[in-house]
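**Student:** Could you look at this predicted model? Sequence included:
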Amino acid sequence: MAGPETYSSPFDDLIGTRIVEASGARVVARLMVTERLHQPTGLTHGGVFATVVETVASIGATVWLGERARSVAGSRAPSDGSDGDETAVGVSNHTDFLRGVRSGELTFEATPLQQGRTLQTWVVDVTDENGRRVAHGKVKLANISLP
């Protein structure tokens, strides 16, 4: 498996998402909340939560597809977390905001609820520095073949 830095995108870099662990069974990311991520009332914008929830679910689902392909193909498959032919793309994202956050580091932990031939469902818990759940998400993803 490739290192967590492999899964960075320009958008993830823009908001400060750091992937610290990535496998087809679990993805962990961290995000430092600063004023640049606030909505007008001084709380973290809900779109930030939904964004990182979808990011970690998408990474886990795509890594799982690569792991599945390697288990079938053996060592011929690439080691970057994908098989080069399939990826997972979000088709729905339901993120609940449970507690307002103004500052501090958040941890996003994604685990699969269901992994199938055409669809996957991942759940994501978001906790603050004190271990309190501040948001929770569920993302359904389609497994698609790349052209």
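**Tutor:** Great, that's in hand.
**Student:** Mind listing what's buried along stretch 36-47?
**Tutor:** Under the neighbour-count criterion of 16 or more other C-beta atoms under 10 Å, stretch 36-47 has 37-38, 44-45 buried. C-beta: built from backbone N, CA, C; applies to glycine.
**Student:** Could you point out which of those residues is nearest to residue 66?
**Tutor:** Nearest to residue 66 among the buried residues of stretch 36-47, counting by C-beta to C-beta, is residue 37 at 30.5 Å.
**Student:** so which helix or strand takes in the nearest residue to the closest one once chain neighbours are set aside?
**Tutor:** Of all residues not flanking residue 37 in the chain, residue 48 sits nearest, at 5.0 Å (C-beta to C-beta, 6 or more residues apart in numbering). Assigned by DSSP states H and E, residue 48 belongs to helix 46-73.
**Student:** just how off-centre is that helix within its chain?
**Tutor:** Offset of helix 46-73 from its chain centre (C-alpha atoms, centre = their mean, to the nearest Å): 6 Å.
**Student:** List the buried residues in it.
**Tutor:** Of the residues in helix 46-73, those buried (16+ other C-beta under 10 Å) are 48-70.
**Student:** Take the buried residues of stretch 36-47 and write them to JSON lines, including pLDDT, distance to residue 104 and secondary structure.
**Tutor:** What follows is these, written out as JSON lines (pLDDT from 0 to 100; distance: C-beta to C-beta, whole Å; DSSP: H, G, I helix; E, B strand; the rest coil):
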{"residue": "37", "pLDDT": "97", "distance to residue 104": "11", "secondary structure": "helix"}
{"residue": "38", "pLDDT": "97", "distance to residue 104": "13", "secondary structure": "strand"}
{"residue": "44", "pLDDT": "98", "distance to residue 104": "10", "secondary structure": "strand"}
{"residue": "45", "pLDDT": "97", "distance to residue 104": "15", "secondary structure": "coil"}
